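Participant: Here's my sequence, what's the structure:
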Amino acid sequence: MGTGNRVLALDLARGLAVAFMVFVHVLGAYAAPAVKHSLFGEIIEFLGSPPAAPVFMALMGVSAYYSRKQDLRTGIRRGVTIILLGYLLNLLRGVAPVALARWCAPAAYAGIPAEVADLGDALLALDILHFAGLSLIAMAFIRHWQVDRRILLLLAAAIAAASPWLWGVGCDLPVAGRLLDYLWGDRPAQEECIGNLISFPFFPWFSFVLVGMALGDAMTRSGDARRTLLKAGAWGAALTAVSLAVIWRDWAYQWNDYYHCRPGAVAFITGFLLAWTALCQLAIDRLPMNRFFAVCFDWSRYVNPIYIIQWVLVMWGAVFVFGFDRLGLGATAAMMVAWLVAADLINRGWQRLQERRAAVQPPKRAR
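Facilitator: Numbers count the residues shown, from 1 in each chain. Below is the predicted model:
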């Protein structure tokens, strides 16, 4: 099932999500419209949706029950740190390359879409790190209050149902609106490469975290975590089939812009991610350990640094080298692989550097 406190099936799912994440970001920034709307583009778009960010969020919920440090103060501190990391990423991937192009490379600056070139939007845009930080804070309180997993599932359903009624409410207020963006912001962008300036609002995305927390609670309380995961996958497959049958004719309305998916799409994605993690468990059960698994486990372990590295590579490459929405299918596919490999190698170098620094530091004195 796993080693230590790590569940290998969940590491495999998270590692695959890292690859899909890089692919969909390259597609969104680099690919010409014809590529984005081709069969290839649609496949990458799907892989970068249900098996990517929702899996990250659900598995973050599961991890809350496997973490060694579960006290309220640690959870709040981690959440605030991740939120600040989100703004650092905004500076590195958005503000810095655009500002540098404005000052030093006018030809490159002229090719940047207007909404990407807006430094205020680049700094204040809310992405998955901001949502993850807020979720960690909420999760810390849930663990502190020891909320029953059945209540968690009811809350997940309630959040999904309430979300469409809340999106955008009060977000036009001067200061409070920016805070409300965290909860239910909705600021659609005209540029296809952006989609929405509020990528992961708490409503409805916290639903996936709550489902993950319910799964993590069930797995840690069960005498057989593997069986629990597979059972959840069976329920997930059923939920996927039922929700798909219900929303199929109304798919565009339910899917919306993906970041603001409506209840039917939330149910579909929830079922899919549960079934997907169960499939990852079956892969672990039936296939021998191999290099691909090892790489995925490594990506799973270093999600945050790889996420930051790949976004910096993608955006700086778009601003100064490739441009936005220009590459054909072959070049887009090549850059997906290139930036994934580059992000992996840079992260490995960074981790080695951190290990060397730790090795030369004198041991802390006991108080």
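Participant: Next, give phi and psi for residue 75.
Facilitator: Backbone geometry at residue 75, expressed as degrees, to the nearest 10, gives phi -60, psi -40.
Participant: from what I can see residue 156 touches residue 211, true?
Facilitator: Yes - using Cβ atoms under 8 Å, residue 156 and residue 211 qualify as a contacting pair, with a distance of 5.2 Å. In this view, the C-beta of every residue, glycine as well, is placed from N, C-alpha and C.
Participant: what do these two both touch?
Facilitator: residue 270 (Cβ atoms under 8 Å, 6 or more residues apart in numbering).
Participant: More neighbours: which of the two?
Facilitator: Higher neighbour count among residue 156 and residue 211: residue 211, with 30 against 24, using other Cβ atoms under 10 Å.
Participant: Name the residues of the helix or strand where that one lies that come out as buried.
Facilitator: Residue 211 is part of helix 202-221, with elements assigned from DSSP states H and E. By 16 or more other Cβ atoms under 10 Å, the buried positions in helix 202-221 come out as 202-219.
Participant: got the contact list for residue 278?
Facilitator: Contacts for residue 278 were tallied using Cβ under 8 Å, 6+ apart; they are 9, 229-230, 232-234, 236-237.
Participant: Leaving out chain neighbours, which residue sits closest to it?
Facilitator: What sits nearest to residue 278 in space, not counting adjacent residues and going by Cβ to Cβ, 6 or more residues apart in numbering, is residue 233, at 2.1 Å.
Participant: could you dump the helix or strand hosting that neighbour to CSV, C-alpha only?
Facilitator: Per DSSP H and E: residue 233 is located in helix 225-247. Extracted in CSV, the C-alpha atoms of helix 225-247 (Å, rounded to 0.1, in the frame of the first residue of the first chain):
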residue,chain,number,x,y,z
ALA,A,225,-6.9,1.4,3.6
ARG,A,226,-6.4,-0.2,0.2
ARG,A,227,-9.9,-1.8,0.3
THR,A,228,-11.4,1.5,1.5
LEU,A,229,-9.7,3.3,-1.5
LEU,A,230,-11.0,0.8,-4.0
LYS,A,231,-14.5,0.9,-2.4
ALA,A,232,-14.5,4.7,-2.7
GLY,A,233,-13.4,4.3,-6.4
ALA,A,234,-16.4,2.0,-7.1
TRP,A,235,-18.8,4.6,-5.6
GLY,A,236,-16.9,7.3,-7.6
ALA,A,237,-17.4,5.4,-10.8
ALA,A,238,-21.2,5.1,-10.1
LEU,A,239,-21.3,8.9,-9.3
THR,A,240,-19.5,9.7,-12.5
ALA,A,241,-21.9,7.6,-14.6
VAL,A,242,-25.0,9.0,-13.0
SER,A,243,-23.8,12.7,-13.0
LEU,A,244,-22.7,12.4,-16.6
ALA,A,245,-26.0,11.0,-17.7
VAL,A,246,-27.8,13.9,-15.9
ILE,A,247,-25.6,16.8,-17.2
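Participant: CA atoms only: put the next helix or strand after that helix into CSV for me.
Facilitator: Towards the C-terminus, the helix or strand next in line after helix 225-247, according to DSSP H and E, is helix 251-255. Below are the C-alpha coordinates for helix 251-255, written out as CSV (Å, rounded to 0.1, in the frame of the first residue of the first chain):
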residue,chain,number,x,y,z
TRP,A,251,-22.5,20.1,-20.3
ALA,A,252,-21.4,23.6,-21.3
TYR,A,253,-23.6,25.2,-18.7
GLN,A,254,-22.5,22.8,-15.9
TRP,A,255,-18.8,22.9,-16.8
